[in-house]
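[1] Quick one, what's the 3D model for this:
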Amino acid sequence: MKPIFKPGASVIVSNREVDGHKRTPTYIRGKSGVIERFCGSFRNPESLAYGGDGLPRQPLYRVRFLQSHVWPEYQGSFTDTVDIEIYQHWLEPVS
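    Next up is the predicted model:
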């Protein structure tokens, strides 16, 4: 699978429910962030966890989120961020 996002692109993390192993933290689903970098393409760990081959390889991105957006009660600086590596199939473009 080809990467579709470039650094600086705004994305939102899918807020879908899935059974079994998931690589995307629940607390970040439904949140919007910005692609910080493309990390490469790797076999899908959600398939590998159940004996699958993990193919097709999934593009992996480092996505930057404002901490105050992730945790509304966050007391630190409004500019503080958290970076999370998320596979492309969990990301949607912000329109």
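
[2] What residues sit buried inside stretch 6-20?
    By neighbour count with 16 or more other Cβ atoms under 10 Å, stretch 6-20 contains the buried residues Val11, Ile12, Val13. (Glycine included, C-beta is placed from N, CA and C.)

[3] Okay, and the beta partners of the nearest residue to Val94 once chain neighbours are set aside?
    Computed as Cβ to Cβ, 6 or more residues apart in numbering, the closest residue to Val94 that is not its neighbour in sequence is Ser10, at 4.0 Å. Under DSSP bridges, the beta-bridge partners of Ser10 are Val34.

[4] pLDDT score assigned to Ser10?
    Listed pLDDT for Ser10 reads 98.

[5] ditto for the one 10 residues further on
    In the prediction, the pLDDT value recorded for Gly20 is 61.

[6] do the same with the one 3 residues further on
    Among the per-residue scores, Arg23 shows a pLDDT of 79.

[7] ok, now how distant is Asp83 from Ile35?
    11 Å (Cβ to Cβ, to the nearest Å).

[8] Name the residues contacting each of the two.
    Common neighbours of Asp83 and Ile35 (criterion: Cβ atoms under 8 Å, 6 or more residues apart in numbering): Arg62, Val63, Arg64.

[9] Of the residues you listed, keep whichever come out buried.
    For the shared contacts of Asp83 and Ile35, buried by 16+ other Cβ under 10 Å: Arg62, Val63.

[10] would you list the shared contacts of Asp83 and Ile35 in JSON lines and tack on secondary structure, distance to Gln75 and pLDDT?
    Output for the shared contacts of Asp83 and Ile35, formatted as JSON lines (DSSP: H, G, I helix; E, B strand; the rest coil; distance: Cβ to Cβ, whole Å; pLDDT from 0 to 100):
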{"residue": "Arg62", "secondary structure": "strand", "distance to Gln75": "25", "pLDDT": "98"}
{"residue": "Val63", "secondary structure": "strand", "distance to Gln75": "23", "pLDDT": "98"}
{"residue": "Arg64", "secondary structure": "strand", "distance to Gln75": "20", "pLDDT": "98"}
